[in-house]
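Colleague: have a look; sequence and predicted model below, questions after that.
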Amino acid sequence: MTEAERIIITPDDDTPGGTEESVSGSSEHPAAVRRRRITVLIGVAAFAYLLDLLSKIWVVTSLENHAPISVLGHYLRFDAIRNAGAAFGLGQGMTIVFTLIAAGVIVVIARLSRRLYSVPWAIALGLLLGGAFGNLTDRVFRAPGGFQGRVVDFIAPAHFAVFNLADSAITCGGVLIVLLSFRGIDPDGTRHRD
């Protein structure tokens, strides 16, 4: 069993975060464990958000209204576009709906964080939160404004839609949540025994 599995798997007792005591041998209070997991969530979210924000600042100042930059021949380019829709350019006329969805995701993550005892879940939710904030920032502050701003996308793989780092964070967080759910691991650190 790997170290990550020992941390994730909760023993048969019903205490949230019960693995912390079994792994480290300490009798650390569950609230302290949860605070550390929330710190991980916030740290990952802040990192994802700042990386997305800085990349979009670079794109707007250096790449917009210029020729695309070839990164890996014709397989990958950086090409600045403004996207009024969702990921992959879907739903172009529904910008306000996507703004509300992003705000809803942020509220759901805030509610889930109250029972968060799992580091992998903290990372997954942090990626979702950082990505949602990244694209929500564009929706609120970019032209035309009023919660209808266009998201800056720039990563353009061949034969695929153009996306940004916020989209990547959301996708990675979503995939991690699916994997955790498939393995039966809940945000509170317990494991389903089906």
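Modeller: Now that the structure is in, tell me what you want to look at.
Colleague: now do the helices in the protein.
Modeller: 3-8, 19-24, 30-58, 95-112, 119-141, 165-182 (DSSP state H).
Colleague: tabulate those in CSV, adding columns for distance to Gly73 and mean pLDDT.
Modeller: C-beta here means a position set from N, CA and C on the backbone, and glycine is covered the same way. Output for the helices of the chain, formatted as CSV (distance: least, C-beta to C-beta, whole Å; pLDDT from 0 to 100):
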stretch, distance to Gly73, mean pLDDT
helix 3-8, 37, 44
helix 19-24, 47, 38
helix 30-58, 21, 94
helix 95-112, 33, 84
helix 119-141, 28, 94
helix 165-182, 21, 95
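Colleague: what's the closest of those helices to His66?
Modeller: Between His66 and the helices of the chain, the shortest separation by C-beta to C-beta is 11.9 Å, and it involves helix 30-58.
Colleague: buried ones in that closest one?
Modeller: Neighbour counts over helix 30-58 (16 or more other C-beta atoms under 10 Å) mark 30, 33-34, 36-38, 40-42, 44-45, 48-49, 51-53, 55-56 as buried.
Colleague: mind listing what the nearest residue to Leu176 once chain neighbours are set aside touches?
Modeller: In space, and not counting its chain neighbours, Leu176 is closest to Ala124: 3.9 Å by C-beta to C-beta, 6 or more residues apart in numbering. Contacts of Ala124 were listed using C-beta atoms under 8 Å, 6 or more residues apart in numbering, and they are Gly173, Gly174, Leu176, Ile177, Leu180.
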